[in-house]
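In: show me the folded form of this:
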Amino acid sequence: MNPSKPQDEETPWSVGFCDCFSDMKTCCIACWCPCITFGQIAEIVDKGSTSCGTSGALYTLIMFIAGVPCLYSCFYRSKLREQYKLKGGGCGDCLLHCCCETCALTQEYRELRNRGFDMSIGWHANVEKNRGLAMAPVVEKGMTK
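Out: Next up is the predicted model:
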């Protein structure tokens, strides 16, 4: 622990918001199939409590019914920032997602990847692959006879 840096101090993102074109594969997927990128991000941010498929399907449903999936995805940006103490704010999160959903999703995806997550395998496989990366949520046993 570094005594000169307070524990609650925000840290910068590992990649810039407009750096989405430096990773064209992720940028293209986030542009043409944002439900896939969002689902992968949401599964990691939720620590496996929701699957990539479930989050992606909900994102798609909101996109087709309401036309504003950015209002859903911006909340995951806030959760990601809180988990890793990244710079930013709630209103800024929604503004970034509403102005350029592709750049926001690409930045979040790359941030998690830079923190050691293999985005293609999901939360549970990441935990199995690297026990020091994160801990899976503890599931308590139900009632027994």
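
In: just give me the neighbour total for Cys70.
Out: If you count neighbours by other C-beta atoms under 10 Å, Cys70 ends up with 23. Just so you know, the C-beta spots here come from the backbone N, C-alpha and C atoms, and that holds for glycine as well.

In: nearest residue to it other than its sequence neighbours?
Out: Nearest residue to Cys70, sequence neighbours excluded (C-beta to C-beta, 6 or more residues apart in numbering): His97, at 3.9 Å.

In: from Tyr109, how far out is Cys100?
Out: Cys100 sits 14 Å away from Tyr109, going by C-beta to C-beta, to the nearest Å.

In: how many neighbours does Lys79 have?
Out: 15.

In: re the thing from before, check which helix or strand the residue nearest to Cys70 maps to.
Out: Secondary structure from DSSP states H and E places His97 in helix 90-99.

In: next SSE downstream of that helix?
Out: helix 101-114.

In: and the next element down the chain from that next one?
Out: Beyond helix 101-114 on the C-terminal side, the first helix or strand identified by DSSP H and E is helix 122-129.

In: lowest average confidence, helix or strand, in this protein?
Out: Among the helical and strand segments of the chain, the one scoring lowest on mean pLDDT, DSSP states H and E is helix 90-99, with a mean of 90.

In: please identify the buried residues of that helix?
Out: Asp93, Cys94, Leu96, His97 (16 or more other C-beta atoms under 10 Å).

In: find out how far the helix holding His97 is from the centre of the chain, if you would.
Out: Computed by C-alpha atoms, centre = their mean, to the nearest Å, the chain-centroid distance of helix 90-99 equals 14 Å.

In: quick revisit: from the buried residues of helix 90-99, which is closest to Ile41?
Out: Ile41 lies nearest to His97 out of the buried residues of helix 90-99, by C-beta to C-beta, at 11.6 Å.

In: excluding sequence neighbours, find me the nearest residue to the residue most central in space within the chain.
Out: Note on the chain: the residue nearest the mean C-alpha position is Ile41, at 3.3 Å, using C-alpha atoms, centre = their mean. Excluding the flanking residues, the one nearest Ile41 by C-beta to C-beta, 6+ apart is Glu108, at 5.1 Å.

In: that neighbour contacts Ser78, doesn't it?
Out: No - if you go by C-beta atoms under 8 Å, Glu108 and Ser78 don't touch, sitting 10.7 Å apart.
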